[in-house]
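Participant: Following is a predicted model, sequence given first.
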Amino acid sequence: DAGITQSPRHKVTETGTPVTLRCHQTENHRYMYWYRQDPGHGLRLIHYSYGVKDTDKGEVSDGYSVSRSKTEDFLLTLESATSSQTSVYFCAISEFRYYEQYFGPGTRLTVT
Amino acid sequence: DQQVKQNSPSLSVQEGRISILNCDYTNSMFDYFLWYKKYPAEGPTFLISISSIKDKNEDGRFTVFLNKSAKHLSLHIVPSQPGDSAVYFCAASESTGNQFYFGTGTSLTVIP
């Protein structure tokens, strides 16, 4: 199994508060991704990174920002959480851009 | 706009029989396809892939078929086992693109 951890695994927060989710990998893979999974939508890409300090938006990036200061860490920040951001968030990594991705265990976020 | 569709939310199959999971896509530029398997409270696990230069790829009990003219792919599991009970996602990408697009998933139940 690819070495990917996510923290926290569960979080409950209030509307309007900032939240940061962390993804950590030990595989030294160049590409890292943040997805959200919602019923009826499958997995949707939020942001991805193709190297340290190199990031780009996915299809559902509004309300989210990311940072990658080290190869092994990719942070997802909700600047001001809203109830529509209640979801399960998955981090993924891949060695090459056009290649299968390996997923972390997920973070269940509830915004009340 | 869902570019990858899995129109069957659920499927039940008897142990030992064949499971066939279907996936349709709308973007004719997609040329690489993946299948993932997901157990509850875990991240998706990569299962099998296929490139558009092939129409079939096999890995043990799992075979993926690609029909480019119909923009359709299917995953066959033979023989089905109770441990195969999970949600299966298909995903597609184009070689010049930056992301994979996922379907909404099909929940497979294999009945002992």
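Facilitator: Cool, got the structure.
Participant: number of nearby residues for residue A:112?
Facilitator: 10 (other Cβ atoms under 10 Å in any protein chain shown). For the C-beta atoms, the positions are set from N, CA and C on the backbone; glycine is no exception.
Participant: what does chain B put close to chain A?
Facilitator: Within chain B, the positions near chain A by Cβ under 8 Å from any Cβ of the partner chain are B:4, B:6, B:32, B:34, B:36, B:41-46, B:49, B:89, B:91, B:93, B:95, B:98-100, B:102-105.
Participant: Neighbour count says what about the residues you listed? Which are buried?
Facilitator: Among the residues of chain B next to chain A, the ones that count as buried by 16 or more other Cβ atoms under 10 Å in any protein chain shown are B:4, B:6, B:32, B:34, B:36, B:43-44, B:46, B:49, B:89, B:91, B:93, B:99-100, B:102-105.
Participant: residue contacts, the nearest residue to residue B:51 once chain neighbours are set aside?
Facilitator: Nearest non-adjacent residue to residue B:51, counting by Cβ to Cβ, 6 or more residues apart in numbering or on different chains: residue B:32, 5.6 Å away. Taking Cβ atoms under 8 Å, 6 or more residues apart in numbering or on different chains as the contact definition, residue B:32 lies against A:98, B:49, B:50, B:51, B:52, B:92, B:93, B:94, B:95.
Participant: how about CSV for those residues, with pLDDT added?
Facilitator: Shown next, in CSV, are the contacts of residue B:32 (pLDDT from 0 to 100):
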residue, pLDDT
A:98, 70
B:49, 94
B:50, 95
B:51, 93
B:52, 93
B:92, 94
B:93, 91
B:94, 88
B:95, 80
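Participant: export the residues you listed to TSV and tack on secondary structure and distance to residue A:23?
Facilitator: TSV is the format used below for the contacts of residue B:32 (DSSP: H, G, I helix; E, B strand; the rest coil; distance: Cβ to Cβ, whole Å):
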residue	secondary structure	distance to residue A:23
A:98	coil	21
B:49	strand	23
B:50	strand	28
B:51	strand	28
B:52	coil	30
B:92	strand	24
B:93	strand	21
B:94	coil	25
B:95	coil	26
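Participant: For chain A, give me its nearest residue in chain B.
Facilitator: Here the residue of chain B nearest chain A is residue B:43; by Cβ to the nearest Cβ that distance is 3.3 Å.
Participant: Assign a three-state SS to that residue, would you?
Facilitator: coil (DSSP: H, G, I helix; E, B strand; the rest coil).
Participant: That one and residue A:90 touch, don't they?
Facilitator: Yes - applying Cβ atoms under 8 Å as the test, residue B:43 and residue A:90 come out as touching, 5.5 Å apart.
Participant: Between those two, which contacts overlap?
Facilitator: A:103, A:104, A:106.
Participant: Can you classify residue A:84 by secondary structure?
Facilitator: Applying three-state DSSP: residue A:84 is helix.
Participant: Assign the residue nearest to the spatial centre of chain A to helix, strand or coil.
Facilitator: Nearest to the mean C-alpha position of chain A, counting by Cα atoms, centre = their mean, stands residue A:34 at 2.9 Å. Judged by three-state DSSP, the three-state class of residue A:34 is strand.
Participant: Can you tell me the closest non-neighbouring residue to the residue of chain B closest to chain A?
Facilitator: Nearest one to residue B:43, counting by Cβ to Cβ, 6+ apart, is residue A:103 at 3.3 Å.
Participant: residues contacting that neighbour?
Facilitator: By Cβ under 8 Å, 6+ apart, the neighbours of residue A:103 are A:4, A:90, A:91, A:92, B:36, B:43, B:44, B:45.
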